[in-house]
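**Q** Need a 3D model of the following:
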Amino acid sequence: MREYRFRGKTKATGEWVYGDLLHVDNRMCIIPNINVDDIDVCTLEVDLETVGQYIGLHDKSGKEIYEGDIVKLCDTNPILFRVEIILARYGYKTVFKLLDDGTIAQCYFLDKCEVVGNIHDNPELLMV
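**A** Residues are numbered from 1 along each chain as shown. Alright, predicted model coming up:
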């Protein structure tokens, strides 16, 4: 079964939090820990622009890959991709966009890829 997990930067501290997504009106919150035996559920309001979904895959070191991550194809001539989830003909799909020209590519070599940052913390990587 696919894992549905999200991340976002908290409005209060700017720190990344991971967990389930709660969308109420025009606000989004991450629920970092749900204990069904405990009524107290902690929610942290996050910046809507920073919310990204876990794509269900890992890079070569085992790090989870999220929408908005910047991934480097590790070889002698590194290539950078931006991870996006887009609406396709029959639902949503994950794509890897080349940073230099926006071409959508399928990344079949995730065991050779490495997450090197994300579009929120590392905007300098977008200036390839």
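
**Q** Look up which residues are beta-bridged to the most centrally placed residue in the chain.
**A** Taking Cα atoms, centre = their mean, the centroid of the chain lies closest to residue 66, which sits 2.1 Å from it. Residue 66 forms beta bridges with residue 54, as assigned by DSSP bridges.

**Q** That one and residue 17, how far apart?
**A** Separation of residue 66 from residue 17 (Cβ to Cβ, to the nearest Å): 12 Å. To be clear about C-beta, it is placed using only N, CA and C from the backbone, and glycine gets the same treatment.

**Q** list residues touching both of the two?
**A** Shared contacts of residue 66 and residue 17 (Cβ atoms under 8 Å, 6 or more residues apart in numbering): residue 7.

**Q** And the residue nearest to the centre of the chain, how far from residue 90?
**A** For residue 66 relative to residue 90 (Cβ to Cβ), the value is 23 Å.

**Q** Next: residue 126.
**A** 30 Å.

**Q** So for these two, which sits in the more crowded spot?
**A** Higher neighbour count among residue 126 and residue 90: residue 126, with 12 against 6, using other Cβ atoms under 10 Å.

**Q** domains of this protein?
**A** 6-49, 55-126 (automatic domain parsing).

**Q** Just send the ones you listed back as CSV, with mean pLDDT too.
**A** Formatted as CSV, these follow (pLDDT from 0 to 100):
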stretch, mean pLDDT
domain 6-49, 79
domain 55-126, 81
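
**Q** what's near enough to touch residue 124?
**A** By Cβ under 8 Å, 6+ apart, the contact list for residue 124 is empty.

**Q** If you could redo that for residue 12, that was the one I meant.
**A** The neighbours of residue 12, taking Cβ under 8 Å, 6+ apart as the test, are 44-45.

**Q** Same check on residue 7?
**A** Residue 7 makes contact with 16-18, 30, 50-52, 54, 66 under the criterion Cβ under 8 Å, 6+ apart.
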